[in-house]
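*Asks:* My questions concern the predicted model and sequence given below.
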Amino acid sequence: MSDRVSSRATSPVSGVAPPRTAVVLGMIGFALLVLPLIGLTLRTPWGRVGQLITDPVVLQALRLSLGSSLVALAVSVVLGVPLALVFARYDFPGKPFVRALAVLPMVLPPVVGGVGLLAAFGRRGLVGRPLAEATGITLPFTSAAVVIAATFVAMPFLIVTVEAGLRMVDPRLEDAAATLGADRWTILRRVVLPALWPSLAAGMALCWARALGEFGATITFAGNLPGTTQTMPLAVYLELERNPEAAYLISFILLAVSVAVLVTLRDRFLRTS
Amino acid sequence: MKPDGRARLVGLALVVAVAACAAPTADDDGDTTGDVSGELIVFATASLTDAFDQMRDAFVSAHDSVEVVVNNAGSQTLASQILEGAQADVFASADTVQMDAVGDADELAGEPVVFAENRLAIAVEPGNPLGIGGLADLADPQLVVVLAAEEVPAGRYARQVLDAVGVEVAPASLEQSVRAALSKVELGEADAAIVFASDLVASAGRADDVPIPSEQNVVARYPIAVLTHAPNPAAAEAFVAFVRSDAGQRILADAGFAAP
């Protein structure tokens, strides 16, 4: 690259311009990331969207995915925010290990999570067997199993985001509130949560997107039945072999949702400088 | 013409030349005249998983310069992979529907031949604790029954037999391959699944077999064919010949399949 070139596109924002090879490799990397999205958009049967969207398989998957991912999000908030509070505000022996266990599903292959969920909550599972014997309730193959699988893979995203947010809340505000006589609940509600809101919103968006996209743990633990456990990702996988157009449409809907989530989080991920 | 290790590295032209020189013919023991080499990719339906593992080992011991890779999944998954351009030499399907789907797209090098037959059976937990006696018992709404999805051959056959005897089943899950359905019974999560009789031979005691009488049953015919874009057509032909030979048929019989 000529050092006389000084147009905006070719001069680095800061530091020294990277070698040209790095720029080319970077472009190839970008193409790898973006081409599938273009391919998907091109294959989406736009002319038949109206007809496909009312296909029972598509509608059922949409409804189930929306419902189960929102319930998983609610469960993640109710259980994950308190866990993040414990991690952010307490020190206890073995905390790094405990914390690592809690966020492990973020890096665990989801299908392994599904096998684990069967071992824990299946009819022959650690908790599932006594549960079935005591109440007759079995979880696999139910919509509840879909929610559990989605919560298992998605809640850690909420926990890490909220925990990081809690560390940013100025402890002096909490001290001041305590000095003024506020109890723990009031401090949490009136001081911590308002300051935490941006992180909580970001964590919820990530958590919901992950729950919506969950596949491996769901098909392993919850099975696949339209209307009960066949979420959008499962429908994509199975319809691709029977009704590819429906699969492309559902894929495009999931892509659009992902873009929307990313736009919501633009302050976190899309800052240019 | 006997290619050495280096010949594997030479391009497509040589592979084609080898194919021309080494058109194999099978005799009764599955030996082929002319030698084949290189990598051979076999797409075999899920119910052939164990049988084709043995088939691969037996074939490789007869042709030690061939490396065989077997890809197992539901026939419908394999068919759509082939239609999307997956590199494969041989396709073995559990029904003619998926084989025809591949044939209709001009992806078959020759006519498919039926090399094995199978029947359906009910997989139940070891010892059959719920005393499931036949298809009619599967209508019990208390039972957790798992079927293969409709586009999976085993799932389609299962619906055929259930419809024929007029039994309504409310499945708990529609699995993406017959082996996925079987595994739900093996794991104890499902009470029953309709699978192939051969799957229960492979299951080796992790699930028990409740036979479906032949007047209620269907015969599943398994076709095999070499693919149009097979990278290694010579080895593909040799493999198909081996599957159809006495040696290959013995492996299939031991795995619970019937001869066509």
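*Replies:* Right, received. Where do you want to start?
*Asks:* Skipping its backbone neighbours, what lies nearest B:Gly155 in space?
*Replies:* Closest residue in space to B:Gly155, ignoring its immediate chain neighbours: B:Ala148 at 3.4 Å, by C-beta to C-beta, 6 or more residues apart in numbering or on different chains. Placement of C-beta: from N, CA and C, glycine included.
*Asks:* residues contacting the one you found?
*Replies:* B:74, B:154-155, B:158, B:174-178, B:180-181, B:194-195 (C-beta atoms under 8 Å, 6 or more residues apart in numbering or on different chains).
*Asks:* Which one (most neighbours) among those?
*Replies:* The residue in the contacts of B:Ala148 with the most neighbours, by other C-beta atoms under 10 Å in any protein chain shown, is B:Val178 (33 neighbours).
*Asks:* Report the separation between that residue and B:Pro213.
*Replies:* From B:Val178 across to B:Pro213, the span is 20 Å (C-beta to C-beta, to the nearest Å).
*Asks:* repeat for A:Ala211
*Replies:* Relative to B:Pro213, A:Ala211 is positioned 46 Å away (C-beta to C-beta).
*Asks:* Please apply the same query to A:Val49.
*Replies:* Look at A:Val49 and B:Pro213: by C-beta to C-beta, they are 48 Å apart.
*Asks:* What of B:Asn128?
*Replies:* As judged by C-beta to C-beta, B:Asn128 and B:Pro213 stand 16 Å apart.
*Asks:* List, one by one, the residues from chain A near chain B.
*Replies:* A:118, A:122-124, A:138, A:140-141, A:219, A:222-226, A:229-230, A:237-238, A:240-242, A:244 (C-beta under 8 Å from any C-beta of the partner chain).
*Asks:* now do 10 Å
*Replies:* Within chain A, the positions adjacent to chain B are A:115, A:118-119, A:122-125, A:128-129, A:138-142, A:219-226, A:228-230, A:234, A:237-244 by C-beta under 10 Å from any C-beta of the partner chain.
*Asks:* correct me, but B:Val144 touches A:Ala132?
*Replies:* No. The pair B:Val144 / A:Ala132 is not scored as a contact, 11.0 Å apart, by C-beta atoms under 10 Å.
*Asks:* CA atoms only for the helix or strand containing A:Ala246, dumped as PDB, please.
*Replies:* Applying DSSP states H and E as the criterion places A:Ala246 in helix A:244-264. C-alpha atoms of helix A:244-264 as PDB (Å, rounded to 0.1, in the frame of the first residue of the first chain):
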ATOM      1  CA  PRO A 244     -37.200 -26.900   1.800                       C
ATOM      2  CA  GLU A 245     -39.100 -23.700   1.000                       C
ATOM      3  CA  ALA A 246     -40.600 -23.700   4.500                       C
ATOM      4  CA  ALA A 247     -37.200 -24.400   6.000                       C
ATOM      5  CA  TYR A 248     -35.700 -21.400   4.100                       C
ATOM      6  CA  LEU A 249     -38.500 -19.100   5.300                       C
ATOM      7  CA  ILE A 250     -38.100 -20.100   8.900                       C
ATOM      8  CA  SER A 251     -34.400 -19.700   8.600                       C
ATOM      9  CA  PHE A 252     -34.900 -16.200   7.200                       C
ATOM     10  CA  ILE A 253     -37.200 -15.300  10.100                       C
ATOM     11  CA  LEU A 254     -34.500 -16.500  12.600                       C
ATOM     12  CA  LEU A 255     -31.900 -14.500  10.700                       C
ATOM     13  CA  ALA A 256     -34.100 -11.400  10.800                       C
ATOM     14  CA  VAL A 257     -34.600 -11.800  14.600                       C
ATOM     15  CA  SER A 258     -30.900 -12.200  15.100                       C
ATOM     16  CA  VAL A 259     -30.300  -9.000  13.100                       C
ATOM     17  CA  ALA A 260     -32.900  -7.200  15.300                       C
ATOM     18  CA  VAL A 261     -31.200  -8.400  18.500                       C
ATOM     19  CA  LEU A 262     -27.800  -7.200  17.200                       C
ATOM     20  CA  VAL A 263     -29.300  -3.800  16.400                       C
ATOM     21  CA  THR A 264     -30.700  -3.700  19.900                       C
END
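*Asks:* got the buried residues for that helix?
*Replies:* Neighbour-count burial for helix A:244-264 flags A:244-254, A:257, A:261, A:264 (criterion: 16 or more other C-beta atoms under 10 Å in any protein chain shown).
*Asks:* just stretch B:225-232 next, same as before
*Replies:* Neighbour count says stretch B:225-232 has B:Ala225, B:Val226, B:Leu227, B:Ala230, B:Pro231, B:Asn232 buried, by 16+ other C-beta under 10 Å.
*Asks:* which residues touch the residue of the stretch 101-250 of chain A found nearest chain B?
*Replies:* Of all residues in the stretch 101-250 of chain A, A:Gly223 sits closest to chain B, at 2.8 Å by C-beta to the nearest C-beta. For A:Gly223, the contact set (C-beta atoms under 10 Å, 6 or more residues apart in numbering or on different chains) comprises A:140-142, A:145-146, A:229-230, A:234, B:144, B:146, B:171-176, B:180-181, B:184, B:189-190.
*Asks:* Mind checking which of the residues you listed are in strands?
*Replies:* Judged by DSSP state E, strands contain the following of the contacts of A:Gly223: B:Val146, B:Ser173, B:Leu174, B:Glu175.
*Asks:* which of those lies closest to chain A?
*Replies:* Sorting the ones in strands among the contacts of A:Gly223 by distance to chain A puts B:Ser173 at the head of the list, at 2.8 Å, by C-beta to the nearest C-beta.
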